[in-house]
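>>> return atomic coordinates for the entry below.
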Amino acid sequence: MVTRQKVQTIRKSARRHLYIEEWMADRGLSDEKLANRLEVARETVTRWRGQQHRLNPDKIAAIAKALDCEPEDLWRQPSRPSLDAIVKGAEPDFHEYIVDMVKKAVSRG
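Residues are numbered from 1 along each chain as shown. Below you'll find the model as predicted:
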């Protein structure tokens, strides 16, 4: 018996979501505290969270720095670190070993 998987359609205009609010909660920061770190008004932080499509790479980098993370980290929840973040700073041989392990694990899946 063949089963059909439900296919979910993504709108063409759908934008990726930055997890700014989740990173703020993880760091225990309110809009006001983050605004102080960024030296902007609290309303600016609120607007940036609500209108992410208006954020440019410089603003994303500034937010990441204020949240003590890398800009690419903002594209995922704080509870889901990237493999790059996990092996950051590792010796090159260890890094290659981990890459091989992940490739093998993925190919078996």
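
>>> ok, residues contacting stretch 47-64?
Here stretch 47-64 makes contact (CB atoms under 8 Å, 6 or more residues apart in numbering) with 15, 17-18, 20-21, 31, 34, 38, 70-71, 73-74. Where C-beta positions appear, they are placed from N, C-alpha and C, glycine not excepted.

>>> now do the same contact list for residue 21.
By CB under 8 Å, 6+ apart, residue 21 lies in contact with residue 49.

>>> how far out from the middle of the chain is the one helix or strand residue 84 maps to?
The secondary structure element spanning residue 84 is helix 83-87 (assigned by DSSP states H and E). With CA atoms, centre = their mean, to the nearest Å as the basis, helix 83-87 stands 13 Å off its chain's centre.

>>> show the average pLDDT along the following helix or strand past it.
As assigned by DSSP H and E, the chain's next helix or strand after helix 83-87 is helix 92-108. Helix 92-108 carries an average pLDDT of 87.

>>> what are the buried residues along the helix or strand of the chain with the lowest mean pLDDT?
Ranking every helix and strand in the chain by mean pLDDT, DSSP states H and E puts helix 83-87 at the bottom, with a mean of 79. If you call a residue buried by 16 or more other CB atoms under 10 Å, then helix 83-87 has these buried ones: residue 87.

>>> same thing with stretch 30-49?
Neighbour counts over stretch 30-49 (16+ other CB under 10 Å) mark 31, 34-35, 37-38, 40, 45, 48-49 as buried.

>>> ok, now stretch 55-72?
So, applying 16+ other CB under 10 Å, buried residues of stretch 55-72: 55, 59-60, 62-64, 66-67, 69, 71.

>>> cool, and stretch 16-26?
For stretch 16-26, the neighbour count (16+ other CB under 10 Å) marks 18-20, 22-24 as buried.

>>> just give me the closest of these to residue 85.
The nearest member of the buried residues of stretch 16-26 to residue 85, counting by CB to CB, is residue 23 at 13.0 Å.
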